[in-house]
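**Student:** my questions concern the predicted model and sequence given below.
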Amino acid sequence: MLIDTHAHLNDEQFIEDQEAVIERAQAAGLQYIINVGFNHETIPTTLELAERYDFIYAAVGWHPQDAKDMNPEDLQWIEELTHHPKVVAIGEIGLDYYWDTSPREVQQEVFRQQIRLARKVKMPIIIHNRDAHEDLLTILREEHAEEVGGIMHCFSGSWELAQECLNLNFYLSFGGPVTFKNAKRPKEVATQVPLDRLLIETDCPYLTPTPFRGKRNESAYVQYVAEAIAELRQLPVEELGQITSENAKRLLGLP
């Protein structure tokens, strides 16, 4: 029984066949999916999915790319939603210096506000980090994010960065890139991370694993991530699946 800790099943790429995609995830043996809402448009549809399907839970937060659009009322809205019975984390939040669609200082302030909120409501956070390692670590430390911990979503950094994140009480989650032939760093880190801090995800519809690379990703494909890491760690895939699922349940308070 696997858990996809990061999905976007409400993405427009799933408009035509969302129900079939979710059915395939169930048929593939997924125990839970965490669907992530990250702005005005995706938070309501994420909650709708979580309310419609027993095995789908929600994370809500404000993505760094959309940071410039967040106002105090939105932060208040997220706080109210953390009391929803199916909301298990605040996210995805963080910094994105690759796309730079919001000014960096705005991203940083929105990130800080949401870490403070997470500490207030005692809820883990899901981190998006792209080309912003140093600033990200600085903010996590200054805002005492270790009090709530959370998930480094689709981790792609070095082992040195991984150790810093582990020291701050975070779990590392791996997706499709760990299956890519030339993805040296994700493979190296996935081999070394302590087993009790390891998670798997799809980030669907993005980052599709081998053998479907280049096509749309979906939650059922999380099994290929599990298989790749199990092979790297020389573990039976069933054992790897059980370990990552127990980790997700422990962190996110899943039944």
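**Tutor:** Received the coordinates, thanks.

**Student:** ok, how many other residues are close to the closest residue to residue 88 other than its chain neighbours?
**Tutor:** Spatial nearest neighbour of residue 88, chain neighbours left out: residue 252 (4.2 Å); criterion: Cβ to Cβ, 6 or more residues apart in numbering. In short, each C-beta sits where N, CA and C put it, glycine included. By other Cβ atoms under 10 Å, the residues close to residue 252 number 22.

**Student:** can you check residue 137 too?
**Tutor:** The burial count for residue 137: 17, using other Cβ under 10 Å.

**Student:** same question, the one 5 residues further on
**Tutor:** Number of residues near residue 142 (other Cβ under 10 Å) recorded here: 10.

**Student:** try the one 3 residues further on
**Tutor:** When neighbours are counted by other Cβ under 10 Å, residue 145 registers 25.

**Student:** how near is residue 3 to residue 34?
**Tutor:** 8 Å (Cβ to Cβ, to the nearest Å).

**Student:** give me the common contacts of those two.
**Tutor:** Listed contacts common to residue 3 and residue 34 are residue 248; contacts here mean Cβ atoms under 8 Å, 6 or more residues apart in numbering.

**Student:** list the residues that contact the residue nearest to residue 88.
**Tutor:** By Cβ under 8 Å, 6+ apart, the neighbours of residue 252 are 5, 34, 57, 88-89, 124.

**Student:** may I ask which two of those are separated the most?
**Tutor:** Between any two of the contacts of residue 252, the greatest separation by Cβ to Cβ is 12.2 Å, found for 57 and 124.

**Student:** tell me, what's touching these two both at once?
**Tutor:** By Cβ under 8 Å, 6+ apart, residue 57 and residue 124 have these common neighbours: 88, 252.

**Student:** the two - which one has more neighbours?
**Tutor:** Each of residue 57 and residue 124 has its neighbours counted (other Cβ under 10 Å); residue 57 has more, 26 against 22.

**Student:** which is the succeeding secondary structure element to the helix or strand harbouring residue 88?
**Tutor:** Here residue 88 sits within strand 87-96, counting by DSSP states H and E. Using DSSP H and E, the next helix or strand after strand 87-96 towards the C-terminus is helix 104-121.

**Student:** ok, residues contacting that following helix?
**Tutor:** Residues outside helix 104-121 that contact it (Cβ under 8 Å, 6+ apart): 61-62, 64, 67-68, 70, 75, 78-79, 82-83, 90, 93-97, 102, 124-125, 135, 139-140, 142-145, 147-148, 150.

**Student:** what mean pLDDT does that helix have?
**Tutor:** The pLDDT scores in helix 104-121 average 98.

**Student:** use 257 as the first number for this chain going forward.
**Tutor:** Sure, I'll start numbering at 257, so the last one becomes helix 360-377.

**Student:** that one vs strand 343-352, what angle?
**Tutor:** 160 degrees (axes from the mean of the first three to the mean of the last three Cα atoms, to 10 degrees).
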